[in-house]
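> compute the structure for the input listed below.
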Amino acid sequence: MLDHVFRPCAIGGLTVPHRVVMGAMHLNLETLGDGGAALAAFYTERVRGGAGLIVTGGSAVNAAGSGGPGYGVLDDVDHRAALARAARAVHDAGGLIALQLFHAGRYALPGASGADGAPPLAPSAVYSRFSRTAPRAMTGRQITETVAAFARGATAAYELGFDAVEVMGSEGYLINQFTAPLTNRRDDAWGGDAGRRRRFPVEVLRAVRAAVPPGFPVLFRMSGADLVDDGTPWEETAALAVALATAGADALAVGVGWHESPVPTVQAQVPAGTWAVYAQRVKRALRAAGHEAVPVIASNRFNQLAQADEVLAGGDVDLVAMARPFLADPAIVEKSRTGSDLSVDLCIACNEACIDRSFGTERVSCLVNPRAGYESVFPGRRFPACRNRYAVIGAGLAGLEAARTLARLGHEVEVYEAAGEPGGQFRLAARVPGKAAFGATVRQRVRELAALDVPVHLGHRVGVRDVQRLRAVDGVVLATGVRPHRPNLPGVDLPHVLDYARAFAAPEALGPRVAVIGGGGIAVDLAHLLAGGASPALTPEEFLASRALTALPGAVPVSGPGAAPAGGHRRVTVMRRGGRIGAGIGPSTRWVVLEELRARGVRLLTDVGYEGITREGVVVIGADGERRLVAADHVVLATGQLSRREVVPLLRQAGVPFEIAGGADDARALNAVRATAQGLRAAHRIVERTGSGEPGRTG
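Numbering: from 1, shown residues only. The predicted structure follows:
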């Protein structure tokens, strides 16, 4: 089992203990001003969990290359000090760490370099939909200065104690912009034909190689497929791989896609391992050119080591990079090594606390592991001098997180859940096509609580009979969740009107025409379920075919948006009074979900007023003032939630201290990221309040 993953591998003069690389992630920890404490704690926990070679998030080689205010710049003394601390911490824990050298190019936000809103630099002045600006075309002098900045960054990495460097040349950042005809429209020494377009990445690599001692590994992350119109042609991608190997790259990591790509690359809708095919093609190109010995690293959309092992077994990939899975579970490697893979917290590719946050300034974290990014704030397992007793009421995501946190901190915990199964609203989302991993998260929580000897009492609604039981505990975390909001609309009590919870519970009972009132994330998920039926998850081959990516490596979809599989048998309409459909869904995912809904024939209506519900459907008034009927056999209400806090008076009667988490705290803008984060924090707060261990202490 996992025979290929756990074989050592050489990258330049470095021997790595296994073939899973912790890929680069920008964390917004790099510029916290804490001297690198949070960054060091983050990486150290992953080393202790089995990570071998870690690649840091990108450090900008100069101010112009910064991706935003959360990016560290290698010219900054404080950033260098933070990096040195992180490198020392990784080495003290027995790990290896490479510094990624980064330049955002036209993806830098205007003014990121502090130049009073000056546009970013790029090969050519081609507008970016991502940064929403047109960059400045670099002068020849700026290009040579940037090459030198990469070399200085490599020297700094060596002096700061890093074990290797990785040059970021993928995902549409500066180096990748030089290779693509879309963004390199120059006609000078740095553009105009294939050879001149690849000159910049090759010159950067040569300069970096010359700036560090022989044997010091230099990895290069290149794009296997840009997935944009007029991106780097495959023939030029293959030639670039060979040129990089010839120029001294010790390994090629292969990424895919740009932020502007119409093809999803890192979302849950993309099957695991889909993009390995591009790394395999790069390896074959190297082999054909006599560079078989240069390792190739596949990346994107792996969340289990078994998937990595399967790709490695094919022989056309040497290592696999996994990034977000290390956010979800710092011990993913060690758990998999010891056969405890069922206890792994799987990355569900929701992107909400990781990728979406990385474009701002908030700390990157993880829905399924809210300690990620906060390791220096919230300790892990403890053996307290005083073992307290706690009750958690509610076994949704917030309650499950609170319970496992309390148990990890060494306390005695019991969980009470009114429903017959755990998971709360997250359990509903797990029914949606493409979100099966959400159910795996709930199952993992239940397994972990069992391993921690935490009883979970299902079908137990806490009531008056439990007052004495509550008086015997030291504290309570109340995580009773929400109930659906029922709007005051004419016809809302008609028999064909039901709330979203009932619709999720029995979607097969709904008729062929369904109108969903409300356009938030729950409404979108429900529409996907109703329109898509029980469609099976796509294989990587089916996904690539659906996007017209099988005929030519590096091709972009010929059918445009909406290449998702055909929908089910229902006609679904989603409507809301104002705003955008799915406005609460993270920006890196929302466009993919809406594309799939449109492909399945779901009608999306906004800016409508509701006159009322009739037996024929919903009567709405459009923005033009026109009255029309949305015909429906069933009408589903997805108009928000209300907090369930019925137990609060009982807790006060029992005189027990309590903390509230998740939807029970605030049903507005409810989402799973907030629920798990509040569960974690509520557990720590109740322990702090009841630190004496005296039962019934009111604090």
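> where does pLDDT dip in the chain?
Along the chain, segments meeting pLDDT under 70 span 111-116, 533-536, 551-568, 692-699.
> what residues go with each domain of it?
Residue ranges for the domains of the chain, per automatic domain parsing: 9-358, 389-483+643-689, 486-533+568-639.
> how about the helices in the stretch 451-600 of the chain?
Assigned by DSSP state H, counting those that start in this stretch, the helices in the stretch 451-600 of the chain fall at 467-471, 500-505, 521-532, 540-546, 587-599.
> for A479, which of these is the nearest?
helix 467-471 (14.8 Å; C-beta to C-beta). Heads up, the C-betas are built off the backbone N, CA and C, glycines and all.
> distance between the closest one and the chain's centre?
41 Å (C-alpha atoms, centre = their mean, to the nearest Å).
> endpoints of stretch 641-657, how far apart?
Using C-alpha to C-alpha, to the nearest Å, the gap from the first to the last residue of stretch 641-657 comes to 26 Å.
> other residues contacting it?
For stretch 641-657, the external contacting residues (C-beta atoms under 8 Å, 6 or more residues apart in numbering) are 393, 462-464, 466-467, 470-471, 473-476, 478, 480-485, 658, 660, 663-667, 670, 686, 689-690, 696-699.
> give me the buried entries from those.
Among these, those classed as buried by 16 or more other C-beta atoms under 10 Å are 393, 462, 466-467, 470, 473-476, 478, 480-482, 484, 658, 660, 663-665, 667, 670, 686, 689-690, 697.
> tell me the most buried of the helices of the stretch 451-600 of the chain?
When you average the neighbours per residue for each of the helices of the stretch 451-600 of the chain (mean count of other C-beta atoms under 10 Å), helix 521-532 leads with a mean of 25.
> please save the CA atoms from that one in PDB.
Only the C-alpha atoms of helix 521-532 are listed here, as PDB (Å, rounded to 0.1, in the frame of the first residue of the first chain):
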ATOM      1  CA  GLY A 521     -26.000  29.200  -1.200                       C
ATOM      2  CA  ILE A 522     -28.600  26.800   0.100                       C
ATOM      3  CA  ALA A 523     -31.000  27.700  -2.800                       C
ATOM      4  CA  VAL A 524     -28.200  27.200  -5.300                       C
ATOM      5  CA  ASP A 525     -27.200  23.800  -3.800                       C
ATOM      6  CA  LEU A 526     -30.800  22.700  -3.800                       C
ATOM      7  CA  ALA A 527     -31.300  23.700  -7.400                       C
ATOM      8  CA  HIS A 528     -28.200  21.800  -8.300                       C
ATOM      9  CA  LEU A 529     -29.500  18.700  -6.600                       C
ATOM     10  CA  LEU A 530     -33.000  19.000  -8.100                       C
ATOM     11  CA  ALA A 531     -31.800  19.800 -11.700                       C
ATOM     12  CA  GLY A 532     -28.900  17.300 -11.700                       C
END
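> tell me what it is packed against?
Judged by 3 or more C-beta pairs under 8 Å, 6 or more residues apart in numbering; DSSP states H and E, the packing partners of helix 521-532 are helix 424-429, helix 500-505, strand 513-517, strand 571-575, helix 587-599.
> sorry, back to before: in strands, which of the buried ones among the contacts of stretch 641-657 fall?
I393, G475, V476, L478, V482, P484, F658, I660 (DSSP state E).
> surely the first one and A479 touch.
So the one you mean is I393. Yes: applying C-beta atoms under 8 Å, one finds I393 in contact with A479, separated by 6.5 Å.
> which residues do these two both contact?
Counting by C-beta under 8 Å, 6+ apart, the shared contacts of I393 and A479 are G399.
> can you give me the strands for the stretch 351-500 of the chain?
389-393, 412-417, 456-458, 475-478, 482-484, 497-499 (DSSP state E, counting those that start in this stretch).
> could you dump those strands to a markdown table with distance to S261?
Converted to a markdown table, these look like this (distance: least, C-beta to C-beta, whole Å):
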| stretch | distance to S261 |
| --- | --- |
| strand 389-393 | 42 |
| strand 412-417 | 42 |
| strand 456-458 | 43 |
| strand 475-478 | 42 |
| strand 482-484 | 36 |
| strand 497-499 | 38 |
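> list phi and psi for V636.
Note on V636: its backbone torsions stand at phi -110, psi 130 [degrees, to the nearest 10].
> which stretches of the stretch 151-300 of the chain form helices?
Here the stretch 151-300 of the chain has its helices, by DSSP H, counting those that start in this stretch, at 174-179, 194-197, 199-211, 234-246, 276-288.
> what's next to the second one, contact-wise?
Defining contact as C-beta under 8 Å, 6+ apart, one finds that helix 194-197 is touched by 178-181, 184, 186, 188-191, 232-233, 235-236, 239.
> what's the answer for the fourth one, then?
Contacts made with helix 234-246 from outside it, assessed by C-beta under 8 Å, 6+ apart, are listed as 179, 194, 197-198, 201-202, 205, 220, 222-225, 232, 252, 281-282, 285-286, 289, 291, 294, 552-555.
> list buried residues within these.
179, 194, 197-198, 201-202, 205, 220, 222-225, 232, 252, 281-282, 285-286, 289, 291, 294, 553-555.
> ok, back up a step: ok, which of the helices of the stretch 151-300 of the chain comes nearest G586?
Closest approach to G586 among the helices of the stretch 151-300 of the chain (C-beta to C-beta): helix 174-179, 23.7 Å.
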